[in-house]
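Novice: Got a predicted structure plus its sequence, pasted below:
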Amino acid sequence: MATPVCADGGCCSAVAPLDGSGSGSAAALDGSGSAAALDGSGSGSAAALDGSGSAAALDGSGSEAPRGRRKLTELPAELLELILCCPRLDHVDVGRASCACRRLRDACHGRSQVWCRQYSLRWPRLHKYYHQNESCDWRREYRTRHTVGLQIRRTVESISKRFFTEVPCVGQVLGDSFAEIQSLGAPEHFCEDELVFILNSDKWKSLTLKYYAKKILYFLRQKNILWSLKTFLRLPPEQQSALEGAVLVDQYCNPLADVSVDSVSQELEEITDKVKKMLRMKNPSHPSLRATAGDCCPVEDLELQRQAVFALNRVLYEQLQYKGNEFDFYNPLNSYIHQVLQRHTGIPISLSVLYMMLARRLGVQLEPVNFPNHFLLRWCQKPKGSEDIYDFVYIDAFGKGKQLTAKECEYLIGHQVTADYYSAISTTEVLLRMVGNLLNIGKRGEGNEKSYQLLRDSLDLYLTINPDNVQYLLLQARLYFHLGIWPEKVLDILQHIQALDPSQHGAVGYLVQHTLEHIQHKKQPAQPEVKQRGAAEHLEVCYAVGLVMKHKRSGYNCVIYGWDPRCTMSQEWISTMRVTQLSSGADQPFYNVLVQDGTCRYAAQENLEPHEDPLEIGHPEVGRYFAEFCHTHYVANEELATRYPDDVSETLATVRRLYHRPPPSSGGSQSPPLGTEEEPLEPPEQQAPPIIIYNVLVQDGTCRYAAQENLEPHEDPLEIGHPEVGRYFAEFCHTHYVANEELATRYPDDVSETLATVRRLYHRPPPSSGGSQSPRSARRRAAGAARSNRLPAHELQAPPGHPTVHTAVSLSRSTESSCAKQDFYKRQSW
């Protein structure tokens, strides 16, 4: 007799799969009572290869296997592991296999090779955190990473609902949620990996999830970098590297960029190799040529130092074309060391740090000089220990390595300075100067998201290096108060300021009072304002949230994320922006838009038009309001859709009308009429577009069947006195009939399409020309323009499959071939 497939004692204690689908009994791999194919083929038997290459079947019946075949459980453990490591199996398959019998359970869990393979396939970025020969319980690691991933997603999804109406400060938001994650005892890189996985998912989907995942990842990385910076500052001054400090500043301001000391050092080594190659041509016996990568062997001879500096200038400024950025001096990219290496341009301090580190690799010791308005390096020309400012040559890295005397340095700034300004400074002072430059750039910003973020980051860095600077502590408190974020931290900062400088009690008291009011206000959140498009005051609003627009005057591209029926800004703003010069002034709908350049603007309806070729708007706040980009429009997320409930259908109707129009019928001969049996019908791909036919209730009490080309919207809609109107419609709204529930069920899209058509035809704003117009004459003008084809084509032509209702009362529609006769209006009994 053959050995039974499932051991009676082993399967009951088998470990259930991660998704909880396994039972305590010997579960079949597919849950059907037989072991499913491990390769996912669904054949109901687990196929393995025996030594001859034939498939060994296992059906769980305990019967004899066919001659020449071996059962799966009789295969060696190594071969079973190899089968279970198949890339087509996921963790659910492996979990179910482990529940099938003791033999498969041992193969899955015995040496952890199967779970190691699953771990590597699903999270390849994490494998670098494990040593090659390290013993690890991969099943436990997989379970922990899986659990952390689920918790991270729940945390990210909850933020949008809680903080949609205010600017979320991630450190404040994540307190309780990340305390729960930390209680799992999982490494922090598990959290980062899940957030990166979310960010790298489908480009145009889950935008809200990605928006908050990015903020959380930003916060987590900044927290780690700040801890590294504090560790760096505790080192003795002689052990602090200006390069490492510059990289930490760069990393903190760009936490999502791939910047590290190793990557920057590697680029510096490549430049050093180029310098050594040139130096070897001039002096093959130069001592710096004998130094290996990363070593620093000081060269004492002044002439040999000059040779190295000369070669460095040739390579850096002539061969690699590094230069000072005179035309865009206040661009923050000039201060980031990895951007300086990529763009070959910078400002005096960033180029000086780069120059100093390269010179040190060549054996030349240069010192940083905190010269006002222009950072310099000094190079001693006398024996060590001299402090006479005239014993040094001063190098201007911003000026292509030009060498200056002490007197010539004063020409750079246009006035004399004391000898103190020529002294060398420490690495900490270099970092304060770098961060101070970023602070000034943030203050000069345009008040957009990027400038505020730069100001916050540079303040964090500055106060980490110099935590007792009252001026910048007060600036940080005011910034947080202005942005409406983290009021509890604002109170802590103000308390610290009061302890450092009691004379600031006036400013501190004002901020404390208003911060407490803000905290109290947050405890009583206001209900979100819901804007219904059907309200009387909203009838002139033509566009909906999610539409990609173009500004007629400025030419920028944008997406609508909110609207007001009238301008709600202050009179001062209206005067400053010259809104009164518009044809309709402030008495027209205004839209909140996210602009391609990263700004948020408030635009008048008459200045906007739908974009003829919608494109993605690269604004950092898009994910806060929208869940997805659908090539022609953005889909509002749950929070925005709650505030504009009618805009979802309105956006879809507008998109169908603008971008999904049927192609115009081409010229040429018409199709032959029906009844000419000699000529066959054209093949489907050559048939003319179908004709839309409507069932209508007529004023005289009849029901008729009418073609679309014979109908037009009524210029002055009136009530239709037909006895069957109540059978299909619930209400007459002066311009149209509202379908009852039964009719709306059969034509679900026509409700929004009818409203859009009514707004387009009868609720147009008056023309900008002089003279007043009655509503009736305006409607006549609109209908007359429609008849004479003066309206845009997209307002007259219906999208395929969803024709616009061009009649006041319509019950149903059907299609006929264009070769059918056009003598419609035949009577039809109902």
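Specialist: Now that the structure is in, tell me what you want to look at.
Novice: Show me the contact partners of the host helix or strand of residue 403.
Specialist: According to DSSP states H and E, residue 403 maps onto strand 402-404. By Cβ atoms under 8 Å, 6 or more residues apart in numbering, the list of residues contacting strand 402-404 from outside reads 376, 379, 393-396, 412. Glycine gets a C-beta too; all of them are placed from N, C-alpha and C.
Novice: Flag every buried residue along it.
Specialist: For strand 402-404, the neighbour count (16 or more other Cβ atoms under 10 Å) marks residue 404 as buried.
Novice: got it, and stretch 143-155?
Specialist: For stretch 143-155, the neighbour count (16+ other Cβ under 10 Å) marks 144-146, 148-149, 151-153, 155 as buried.
Novice: any weak-confidence spans in the stretch 501-650 of the chain?
Specialist: Applying pLDDT under 70 to the stretch 501-650 of the chain flags the ranges 525-526.
Novice: show me where it has strands.
Specialist: Shown for the stretch 501-650 of the chain, the strands assigned by DSSP state E, counting those that start in this stretch span residues 548-551, 557-564, 590-595, 600-604, 608-610, 626-629, 634-636.
Novice: could you dump those to TSV with mean neighbour count and distance to residue 514?
Specialist: Output for the strands of the stretch 501-650 of the chain, formatted as TSV (neighbours: other Cβ atoms under 10 Å; distance: least, Cβ to Cβ, whole Å):
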stretch	mean neighbour count	distance to residue 514
strand 548-551	20	36
strand 557-564	22	26
strand 590-595	23	26
strand 600-604	18	24
strand 608-610	19	36
strand 626-629	21	33
strand 634-636	24	33
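Novice: Among these, which comes closest to residue 465?
Specialist: strand 600-604 (32.8 Å; Cβ to Cβ).
Novice: SS state for residue 368?
Specialist: strand (DSSP: H, G, I helix; E, B strand; the rest coil).
Novice: can you pull the pLDDT of it?
Specialist: At residue 368, the pLDDT value in this model is 94.
Novice: do you know how far it is from residue 308?
Specialist: 18 Å (Cβ to Cβ, to the nearest Å).
Novice: more crowded one of these two?
Specialist: A count of neighbours by other Cβ atoms under 10 Å puts residue 308 above the other of residue 368 and residue 308, at 25 against 21.
Novice: where does this protein dip in pLDDT?
Specialist: 1-70, 133-134, 163-185, 293-296, 385, 446-447, 525-526, 661-690, 764-830.
Novice: wait, which of the strands of the stretch 501-650 of the chain is closest to residue 515?
Specialist: strand 600-604 (25.0 Å).
Novice: Next, the angle from the closest one to strand 590-595.
Specialist: Counting by axes from the mean of the first three to the mean of the last three Cα atoms, to 10 degrees, strand 600-604 lies at 140 degrees to strand 590-595.
Novice: How far off centre is strand 600-604?
Specialist: Distance of strand 600-604 from its chain centroid, counting by Cα atoms, centre = their mean, to the nearest Å, is 22 Å.
Novice: other SSEs contacting it?
Specialist: Packing partners of strand 600-604 (3 or more Cβ pairs under 8 Å, 6 or more residues apart in numbering; DSSP states H and E): strand 590-595.
Novice: And for the strand it packs on, what's in contact with it?
Specialist: 543, 549, 556-564, 566-569, 600-605, 608, 617, 619, 621-622, 625.
Novice: mind running it again at 7 Å?
Specialist: Contact with strand 590-595 is made by 543, 549, 556, 558-564, 567, 600-605, 608, 617, 619, 621-622, as judged by Cβ atoms under 7 Å, 6 or more residues apart in numbering.
Novice: do the same with stretch 319-334
Specialist: Stretch 319-334 has contacts (Cβ under 7 Å, 6+ apart) with 274, 316, 339, 343-348, 350-351, 398-400, 438, 441, 444, 454.
Novice: Repeat that for stretch 532-543.
Specialist: With Cβ under 7 Å, 6+ apart, stretch 532-543 has contacts from 531, 549, 560, 563, 565, 588-589, 591, 605, 608, 645-647, 650, 759, 763, 765.
Novice: Sweet, I'm off.
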